[in-house]
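Undergrad: pasting the sequence and the predicted model now:
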Amino acid sequence: MVVALSLLFACNHKVEAVCDTTAQPWAPGTAAFVDTTDAWGITAVLPEGVRIAAVDFDHDGWTDLIVRKGSGADDFNPDGVRQVWMLKNTGNKTFEDVTQASGLVQTRYGDDPMIGRPGSNYVFGDVDNDGDLDAYSGNPDAAGTSKETSEILLNDGAGHFTLASDESDLRVGAGDMPFGAAFTDYDRDGVLDLYVAQYDDSDGPQQSHLYHGRGDGTFEDTTSDANLTTLAWSNIAAINTGASHSRSWAALACDLNNDGGPELLAASYGRAPNALWVNQNDGTYTNRSLLSGYAYDENTDWSDNQSARCWCEFNPDEPDCVGVPPVDLIVCDTVEDAFRWDETFDREAFRLGGNSGATQCADLDNDGWMDLVTSEIVHWDVGQSSDPSEILHNLQESDVTFDRPGNDVTGLIREHERTDWNDGDITGSTFDFDNDGWTDVWIGNSDYPGSRGLLFHQDAPLQFSPVSIPDGVDNPRSHGSVTADFDRDGDLDFVVGHSSARCDSDCRENFSVHLFENQLNGNFVQVEVVGGEGSNRSAIGARVDVVAGDLHETHQVDGGHGQFGAQDDLVQHFGLGTACEAEVTVTWPTPARPTTTFTLPAGHRWRIVQGAEEPELIDVPTEDSQ
């Protein structure tokens, strides 16, 4: 039953709730999404893209898209190859390509206005606290072949960008491999900082960096001062304990022990330990990669690795080979068939972990503590020692610690239709697609034949069931994903990319990103938080708690995550189940951690400004917000 509920605010404005007291969670047989890519005009402007961010870059109240294909330079000539698309949401269910006019890919050294600056990693935050979202553009350049570097671009408030000063430490140049980036205020001084997780260059794994923001768009490298220095890959013991450089494919900043200070994480590819650094709230960090349980899981049994079994058949007297079963899934005529096994290193702990693509941070079980969901590449012949994509449940300790319930317990399992299967899980998303107040999980499976994205609905705390393709999202080779209420109708829509790697008959003819509109509706409240005195203006790192009936949900405002800079809308969306109002508490990201609490009626979007006496209703974008 739909009811109207009026709540009274300080200045006697009454706002009615838009609420259905009989709202039910999604159930099998109900189509949750419909593919409206063509209707939004995306395929007409965007031929291919796998790196996606969803933010309101022109501050008009409608969430826009920033999509990237690769790391080359944009050629805006009629027959030129494009790499970056800045797509403005017009508010009429269409997107407009404004990339060149926006200045996002302007060059510092080029003299051809039709050729843009290379850059593949983009995250957004208000670095100068002037009320709009600025951009970090990361340019991987292992060999130093480009004059252009990674850059900060400042927004004029209408979505037009200019290069910040060249006097900034993040303009590294040769050897800069920024595969992951996240804005965060690690010291909570009210100015955004930037964590950049580095992949390999020609010399191997590289040092990741923490840059302290000066508030004017320039940054100072404070990696050493923050105790984040790691070691080169020369000592096996150091690598096994996570003391060496990560091989980062993604970055993340998230408060995992509820003390207000954001932890820093790097998801590492190439069977290298994932990195987790605990904020000491004094400007420094402590390495807790291994002790937290994030570096890799505890399963080190390599005896079902087909290549290891092959090697043991040719080396039966090797002590570790005693009792190892014979090969049963591959041909092993020569020791060269053991192509995935190195007898010197592959029994070491760091080689018995995973190939991590990205990590999501979300309070999955509504206990007020942020959990993790990892995305991992696993090959059929490697065996159970390779870490799968799974949930890491937060054990609520000040010294951050997780357990891994296992996919057979949580339900994040899949049926492999091929014997030679590959789980190419590189990206993912966490979001409440049916507004029942419980976070659901998307695993972006890509790059291998038979791969497709997988959507799981949370039926009970940490209990998930798969959503069928007809009911959910039909997207093969899914790489890159973001969520936002693009059409402002009160539910979260979903944009997902398509990898073109190793394509066969299961790839789409057109590699455009696809937009899936949510069809479920349901009760919700949306909150835009704006920092004030002592906080960064975009409120990145703020904690938002919502209590609605029996639900208690917790979000943190995200400053970018994932591979090459995924980022969901900064507007926080909460499903409310059957509740018609919500008590919303914002904990601001300052050392004192002040809070603001309002009781808000369902069915609306609100702006909460730090220090304001009441919230602002922003259901319909106004000229003042544009």
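TA: Cool, got the structure.

Undergrad: so who does the residue nearest to D56 when sequence neighbours are not counted touch?
TA: Taking CB to CB, 6 or more residues apart in numbering, and ignoring the residues beside it in sequence, D56 has T63 as its nearest neighbour in space, at 5.4 Å. The way it works is simple: take the backbone N, C-alpha and C, and place the C-beta from them, glycine included. Residues touching T63, when contacts are defined by CB atoms under 8 Å, 6 or more residues apart in numbering, comprise 54-56, 89, 484-486, 569, 571.

Undergrad: cool, and Q610?
TA: For Q610, counting by CB under 8 Å, 6+ apart, the contacting residues are 529-533, 535, 539, 586, 588, 594, 596.

Undergrad: may I see the buried residues of the longest helix seen in the chain?
TA: Residue-count comparison of every helix in the chain, with assignments taken from DSSP state H, identifies helix 306-314 as the longest. Taking 16 or more other CB atoms under 10 Å as the neighbour-count basis, helix 306-314 is seen to contain the buried residues 306-313.

Undergrad: so which of the residues you listed comes closest to D493?
TA: Nearest to D493 among the buried residues of helix 306-314: Q306, at 41.9 Å, using CB to CB.

Undergrad: how about the protein, which residue sits the furthest from its center?
TA: With distances taken as CA atoms, centre = their mean, the residue sitting farthest from the centre of the chain turns out to be D317, at 46.5 Å.

Undergrad: that's a strand at that residue, yeah?
TA: No - with DSSP: H, G, I helix; E, B strand; the rest coil as the criterion, D317 is located in coil rather than a strand.

Undergrad: where does it fall, phi/psi-wise?
TA: As for D317, its main-chain torsions (degrees, to the nearest 10) stand at phi -90, psi -10.

Undergrad: now it: how far from L329?
TA: 24 Å (CB to CB, to the nearest Å).

Undergrad: what's the answer for P118, then?
TA: P118 sits 42 Å away from L329 when distances are taken as CB to CB.

Undergrad: what does G261 give?
TA: Plainly put, G261 is 47 Å away from L329 if you go by CB to CB.

Undergrad: so, low pLDDT: which residues of this structure?
TA: Counting by pLDDT under 70, the chain shows low-confidence ranges at 1-13, 620-626.

Undergrad: please enumerate the helices of it.
TA: For the chain, the helices defined by DSSP H cover 42-45, 99-102, 236-240, 306-314, 407-410.

Undergrad: contacts for the longest helix of the chain?
TA: Identification of contacts with helix 306-314 by CB under 8 Å, 6+ apart yields 302-303, 318, 320-321, 324-330, 332, 334-335, 337-341, 343, 346, 381-383.

Undergrad: all strands for the stretch 501-626 of the chain, in order.
TA: With DSSP state E, counting those that start in this stretch as the criterion, the stretch 501-626 of the chain has strands at 514-518, 524-530, 543-548, 551-556, 572-575, 581-587, 595-601, 604-609, 616-617.

Undergrad: related to what we said a few turns ago, who has more neighbours, P118 and L329?
TA: Between P118 and L329, counting by other CB atoms under 10 Å, P118 is the more crowded of the two (24 against 13).

Undergrad: confirm for me that the more buried one is in contact with T149.
TA: No - contact criterion CB atoms under 8 Å: P118 and T149 do not qualify, at 9.7 Å.

Undergrad: need the overlap of contacts for the two.
TA: Shared contacts of P118 and T149, defined by CB under 8 Å, 6+ apart, comprise 139, 141.

Undergrad: re earlier: ChimeraX command to pick out the buried ones of the contacts of Q610?
TA: Applying 16+ other CB under 10 Å to the contacts of Q610 leaves a buried subset, and the ChimeraX line that selects it is:
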select :529,530,531,532,535,539,586,588,596
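
Undergrad: save the contacts of Q610 as JSON lines, and put in distance to S375 too.
TA: Written out in JSON lines, the entries for these read as follows (distance: CB to CB, whole Å):
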{"residue": "V529", "distance to S375": "27"}
{"residue": "V530", "distance to S375": "31"}
{"residue": "G531", "distance to S375": "30"}
{"residue": "G532", "distance to S375": "36"}
{"residue": "E533", "distance to S375": "38"}
{"residue": "S535", "distance to S375": "31"}
{"residue": "A539", "distance to S375": "27"}
{"residue": "V586", "distance to S375": "29"}
{"residue": "W588", "distance to S375": "31"}
{"residue": "P594", "distance to S375": "35"}
{"residue": "T596", "distance to S375": "34"}
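
Undergrad: what would the buried residues of helix 306-314 look like in JSON lines with distance to F76?
TA: Conversion of those to JSON lines gives the following (distance: CB to CB, whole Å):
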{"residue": "Q306", "distance to F76": "49"}
{"residue": "S307", "distance to F76": "47"}
{"residue": "A308", "distance to F76": "51"}
{"residue": "R309", "distance to F76": "54"}
{"residue": "C310", "distance to F76": "52"}
{"residue": "W311", "distance to F76": "52"}
{"residue": "C312", "distance to F76": "57"}
{"residue": "E313", "distance to F76": "57"}
